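>>> Kindly generate the corresponding structure for this input.
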Amino acid sequence: MYSFKTHLLSSLIFLFMVIPTLFYGQGFTDVTNAAGIPLVHDGNNLVDHRMGTGAAWLDYDKDGNLDLYVSMRTSNNKLYKSNGDGTFTDVAFALGVADPIGDGGGVSIVDFNNDGWDDIFLANCQGNVLLKNNFGASFSNITIPAFIGSSGSAGGDSRTPSASWGDYDNDGYLDLYVAQHYQTVYNPTGGTTQDYLFHNNGDETFTDVSNLLTISNLVGVGFIGGWTDYDKDGDMDIFLINDCPVAVGLPTKVFRNDGGTNPTAWNFTEVSVSIGIDDCRNGMGIGVGDYNRDGWQDIFYTNIGDCVLFQNNGGTFSDVSAAAGIDGQPATHYSWGCAFMDYDLDGWQDIMVAIGTLSINPTADPQPNQFFRNNGNGTFTEMANTLGLDDDRPSRSGIYGDYDNDGDLDIYVTNYGDNCVLHRNDNNNGNHWFKLHLEGTQSNRDGLGSKIELTTPDGVTQHFETRSGSNLGGGDSPYAHFGLGANTTITELKITWLSGEVQTFNNLGVDMMLTATEPLSPLPVELVDFSVAAMESAVRLNWKTASELDNDYFEVERSDDGINFQALKKIQGRGTTSQANYYQFDDKTPLQGINYYRLKQVDLDGKFSFSDIEQVEFIGNETSVHIFPNPSKVGFLNLNLVSENKNTDIEIHDMLGRLVYQNKIENKGNQSLIIPTKNWSNGIFIVSISNIGIEKRLKVVVDN
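So this is what the prediction gives:
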């Protein structure tokens, strides 16, 4: 029987179904195949925890297009280079970043050495890996030399779900937090759950300073350590999300940065109880963002069952999950990666959540992803189905980035043991946008830790903090991305760099990307002479100061092109003095050909500036080496060495940095050595040949 009431109800249901799409613009479209990146993750459902799908956006070749890195468990990782037309080409093997023997987990992208190029850190199961970007042409695995003096190399012997970066001592170099979850099938009866904090020494090496956070705080079965200045005191704090109910898990930990003068004796205080965020749940991923636009960074993190939203009240936190409407997940659903992002460019931060079962048979336990639209009044509406984002496969991470440069944020979702998906954002609501790319000079090159305030003519101010350490096992867009609604201009853009430098732009346009370079402070030394000269086996640098003001140290930097510099050595300054001082440094590993040098002068407060650039040509003696068979299947290696100089040192390390062979050759000419390998474990080894300060590194494979 027809009734007006039934007709009205049907109409209301229809309107409820269609209005979100009409009001919020179009949703997302699966363009994975069209983009040329069909990928089935090679997860093995029979092994530990069924974790390990990392992905990150980067621009490794600096062509202005976002590239995509994806980690795998048993096969080659992928580096999908953007072709600039919405399609990608896998170049991982060609560039040396396939990591074929690593059991992949998280991926973290960062310019750790401040040379202007994106480097890659792989959070693995059988040993983490640091890949240095060689100016976009290739990558080098420098894990062993970078972490050779640190306990546990680049982490311990358990699964590493994530790694994140922040400059805790404001020295201009990004430090590293490595989270460790639990032992694995590779070490089923042991393994440590200790997390690690590494200090970046500025010379492409790291020092283990985990004790600064107190080791007993770091054994809680960690998933991710997120960096954010939650109390707005100008330095980066650490939020550690733990899988609390598992094994000896610990509640969420918050390490407040209380400053210091010595980076290896820095002051951190664990304050989770006093700020109201000591939460014992199955914490996995973390999102950091200002969802209510009050200028304070709020915390969202995932869980088994309900996710959690903590509102920042100005340095303390309140659980507002229920009031905000984001606590409706079924108790058996596993939430993993998450992120704040403004998908519809309305100026409010929405929340993306990757969800996926741990079941060996995932099709029997479908768990769809969720997407919470920010309503602008402190509440959210879940609308993954409306937007086409309710993938019910075992998702682990979802990362956002504008891969097609059309101004709205797209999403790449990794699915464990299943098809990964690129979701193109087809938003068409007419809202405007703005992207900001930071280049630090006094601060770290990526500008991580900077606070950005963007004000539009409607009187609204949005707050964004650049960081590494949100999501889970993945890296979102490296740019600050703002939705502007209907605004067609930006009244003011204010950047507070981690160094404390404040930079302001007024009356900017919209629908564009701006690259902002941090202003340099005046050089606080009177540098009256700086010269470089080639010697027989080194390049000698001499410089003189007539006076110095708060001079902490000089850092010698070298380049092969006069543009991209790498740190070589720190030379202690004289503090404050009106006396003339003379300095000298010998570069014992100069490059063949033209070398460019400059001095980075660093204040006691961490600010710095650069000298003029000096160049010199170096022509050194070559050392050649040949190793065979490689791979070795016969229990030994033959090493032929031709050296024009005496005193050649030979060292061989395994992938954990352990020395397995050492020798010194004291005669020049042609030398031949037989190195037995029958007592070595199978795997990859690094051979280091050092001669008059010139070092060669070779990789060999032993398969006895």
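>>> contacting residues for the residue found closest to Val271 once you drop the neighbours it is linked to in the chain?
Ranked by CB to CB, 6 or more residues apart in numbering and with sequence neighbours excluded, the top spatial neighbour of Val271 is Arg256, at 4.7 Å. (C-beta placed from N, C-alpha, C; glycine too.) By CB atoms under 8 Å, 6 or more residues apart in numbering, the contact list for Arg256 reads Asp231, Asp237, Phe268, Thr269, Glu270, Val271.
>>> does Arg256 have beta-bridge partners, and which?
Beta-bridge pairing of Arg256 under DSSP bridges involves Thr269.
>>> ok, it to Phe300 distance?
Relative to Phe300, Arg256 is positioned 20 Å away (CB to CB, to the nearest Å).
>>> Just checking: what are the partner strands of the single longest strand found in the chain?
Using DSSP state E, we find that the single longest strand of the chain is strand 539-559. Here strand 539-559 is paired, per DSSP bridges, with strand 525-534 (antiparallel), strand 565-577 (antiparallel), strand 581-587 (antiparallel), strand 593-603 (antiparallel).
>>> Need the CA coordinates for the last one. CSV is fine.
The one in question is strand 593-603. Output of strand 593-603 as CSV, limited to C-alpha atoms (Å, rounded to 0.1, in the frame of the first residue of the first chain):
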residue,chain,number,x,y,z
GLY,A,593,89.4,15.8,-9.9
ILE,A,594,87.9,19.0,-8.8
ASN,A,595,86.9,19.3,-5.1
TYR,A,596,84.8,22.1,-3.7
TYR,A,597,85.0,23.1,0.0
ARG,A,598,83.2,25.4,2.4
LEU,A,599,83.0,26.0,6.1
LYS,A,600,79.8,25.8,8.0
GLN,A,601,80.1,27.9,11.2
VAL,A,602,77.8,27.0,14.0
ASP,A,603,76.8,29.1,17.0
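>>> Identify each buried residue in stretch 652-662, please.
Under the neighbour-count criterion of 16 or more other CB atoms under 10 Å, stretch 652-662 has Ile652, His653, Asp654, Met655, Gly657, Tyr661 buried.
>>> if you look at those, which of them are in strands?
Among the buried residues of stretch 652-662, the members found in strands (DSSP E) are Ile652, His653, Asp654, Tyr661.
>>> Can you tell me which of those residues is closest to Leu250?
Closest to Leu250 out of these is Asp654 (32.0 Å), distances taken as CB to CB.
>>> I'd say that closest one and Thr677 touch.
No: the pair Asp654 / Thr677 is not scored as a contact, 11.1 Å apart, by CB atoms under 8 Å.
>>> if I look at Gly376, how far off is Leu389?
Taking CB to CB, one finds Gly376 at 20 Å from Leu389.
>>> more neighbours, these two?
Leu389 (25 against 13; other CB atoms under 10 Å).
>>> Assign that one to one of the three secondary structure states.
Three-state call for Leu389 (DSSP: H, G, I helix; E, B strand; the rest coil): coil.
>>> quick one: contacts for it?
Gly27, Phe28, Met352, Asn369, Phe371, Ile411, His423.
>>> How about it: what's its closest non-neighbour residue?
Phe371 (4.9 Å).
>>> Tell me the secondary structure of that neighbour, please.
Applying three-state DSSP: Phe371 is strand.
>>> Check the gap between Gly172 and Gly116 for me.
Distance from Gly172 to Gly116, by CB to CB: 14 Å.
>>> Please identify which of these two sits among more neighbours.
Gly172 (24 against 16).
>>> does that one really touch Asp603, like I thought?
No: Gly172 is beyond contact range of Asp603, at 10.7 Å (criterion: CB under 8 Å).
>>> Break down the protein into its helices, ranges please.
4-24, 92-95, 143-147, 321-324, 384-387 (DSSP state H).
>>> List the buried residues of the third one.
If you call a residue buried by 16+ other CB under 10 Å, then helix 143-147 has these buried ones: Thr143, Ile144, Pro145, Ala146, Phe147.
>>> And the last one, by the same measure?
Neighbour-count burial for helix 384-387 flags Ala384, Thr386, Leu387 (criterion: 16+ other CB under 10 Å).
>>> Please report the distance of the closest residue in space to Asn133 that isn't next to it in sequence from Leu58.
Nearest residue to Asn133 in three dimensions, chain neighbours excluded: Trp117, at 3.9 Å (CB to CB, 6+ apart). Distance of Trp117 to Leu58, given as CB to CB: 10 Å.
>>> Ile299 now?
The gap separating Ile299 from Leu58 is 25 Å, by CB to CB.
>>> Also Trp227?
With CB to CB as the criterion, Trp227 and Leu58 are 18 Å apart.
>>> neighbour-wise, which of the two wins?
With neighbours defined as other CB under 10 Å, Trp227 and Leu58 compare such that Trp227 has more, 28 against 23.
>>> and Asn133, how many neighbours?
26.
>>> can you count the residues close to the nearest residue to Asp103 once chain neighbours are set aside?
Ranked by CB to CB, 6+ apart and with sequence neighbours excluded, the top spatial neighbour of Asp103 is Cys125, at 3.6 Å. Other residues within reach of Cys125, judged by other CB under 10 Å, total 25.
>>> And Cys125, how close does it get to Asn141?
Cys125 sits 17 Å away from Asn141, taking CB to CB as the criterion.
>>> same question, Val625
Distance, Val625 to Asn141, using CB to CB: 18 Å.
>>> Test my guess that Asp237 contacts Gly225.
No: between Asp237 and Gly225 there is no contact under CB under 8 Å: 10.3 Å.
>>> Looking at the two, which is more packed in?
Per other CB under 10 Å, whichever of Asp237 and Gly225 has more neighbours is Gly225, with 28 against 22.
>>> So the closest residue to the more buried one other than its chain neighbours versus Arg467, what's the distance?
Spatial nearest neighbour of Gly225, chain neighbours left out: Tyr177 (3.8 Å); criterion: CB to CB, 6+ apart. With the distance defined as CB to CB, Tyr177 ends up 12 Å from Arg467.
>>> who touches both of those two?
Contacts common to Tyr177 and Arg467, judged by CB under 8 Å, 6+ apart, are Ser164, Gly166, Trp227.
>>> Next step: the residues you listed restricted to strands.
Using DSSP E, those in strands are Ser164, Gly166, Trp227.
>>> list the contacts for the second one?
Looking back up the chat, that one is Gly166. Each residue near Gly166 by CB under 8 Å, 6+ apart is listed here: Leu174, Asp175, Tyr177, Trp227, Met236, Ile238, Leu448, Gly449, Arg467, Ser468, Gly469.
>>> Show the buried residues in the residues you listed.
Counted by 16+ other CB under 10 Å, the contacts of Gly166 give Leu174, Asp175, Tyr177, Trp227, Met236, Ile238, Leu448, Gly449, Arg467, Ser468, Gly469 as buried.
>>> possible to save these as JSON lines with pLDDT and distance to Thr441?
Formatted as JSON lines, the buried ones among the contacts of Gly166 follow (pLDDT from 0 to 100; distance: CB to CB, whole Å):
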{"residue": "Leu174", "pLDDT": "98", "distance to Thr441": "14"}
{"residue": "Asp175", "pLDDT": "98", "distance to Thr441": "19"}
{"residue": "Tyr177", "pLDDT": "97", "distance to Thr441": "24"}
{"residue": "Trp227", "pLDDT": "97", "distance to Thr441": "20"}
{"residue": "Met236", "pLDDT": "97", "distance to Thr441": "18"}
{"residue": "Ile238", "pLDDT": "98", "distance to Thr441": "25"}
{"residue": "Leu448", "pLDDT": "97", "distance to Thr441": "14"}
{"residue": "Gly449", "pLDDT": "97", "distance to Thr441": "14"}
{"residue": "Arg467", "pLDDT": "92", "distance to Thr441": "19"}
{"residue": "Ser468", "pLDDT": "91", "distance to Thr441": "19"}
{"residue": "Gly469", "pLDDT": "82", "distance to Thr441": "23"}
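>>> Output the below-cut-off pLDDT ranges for the stretch 401-550 of the chain.
Applying pLDDT under 70 to the stretch 401-550 of the chain flags residues 521-523.
>>> which regions of the stretch 201-350 of the chain sit below the pLDDT cut-off?
Residues of the stretch 201-350 of the chain that meet the criterion pLDDT under 70 lie in 247-248.
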